[in-house]
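**Q** I would like to see how this sequence folds:
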Amino acid sequence: MDAPMHCDFSARDFTATTVETSEGRLVHVIGSGLCPTGGWELRLAAANPGVVPHPGSLWLELRETPPRRRVVRERTRTTVEAIIEDSEVSEIVIRFGWRDPIVVPVRATARRVRGAHQGSKRSDAAGRAVAASI
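**A** From the prediction side, this is the model:
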């Protein structure tokens, strides 16, 4: 029997929390999946660049890259995360290329971090500013 070609995820595997800073609101999305082997690379990318029909929802696409070299077939937990600057989002919708999407509610944190995203910033595919680190 061949190994599955994708990692296994559920909504329970993801959290999305806000961090309020003096410069704005960051949403930290973190999750993990059970991959068929070690060595998988996971990445969250903006899935709906341009006009957003539901401003309270941020759509991300999970992109999976299998290992390039042959590795021992042992199911391995692999993590993925993204930090997005957004003042309105209340839920994250994670799209997969091979199954139905999952919805993750954004939870607010009481913590206020001063200048948490000072330093280098870049934009994701949707044009939102993304902090390089928290």
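**Q** ranges for the strands of the chain?
**A** 14-21, 24-35, 41-46, 57-65, 76-85, 91-95, 102-107, 112-113, 121-123, 129-131 (DSSP state E).
**Q** Look up how far residue 57 lies from the residue nearest to residue 107 when sequence neighbours are not counted.
**A** Leaving out its chain neighbours, the residue that sits closest to residue 107 by C-beta to C-beta, 6 or more residues apart in numbering is residue 17, at 5.0 Å. Quick note: C-beta positions are derived from backbone N, CA and C, even for glycine. In this structure, residue 17 and residue 57 are 16 Å apart, going by C-beta to C-beta, to the nearest Å.
**Q** can you check residue 78 too?
**A** 25 Å.
**Q** And residue 105, by the same measure?
**A** Counting by C-beta to C-beta, the gap between residue 105 and residue 57 amounts to 11 Å.
**Q** And residue 64, by the same measure?
**A** Counting by C-beta to C-beta, the gap from residue 64 to residue 57 is 22 Å.
**Q** between these two, which one's more packed in?
**A** Neighbours were counted for residue 64 and for residue 57 using other C-beta atoms under 10 Å; residue 64 has more, 19 against 16.
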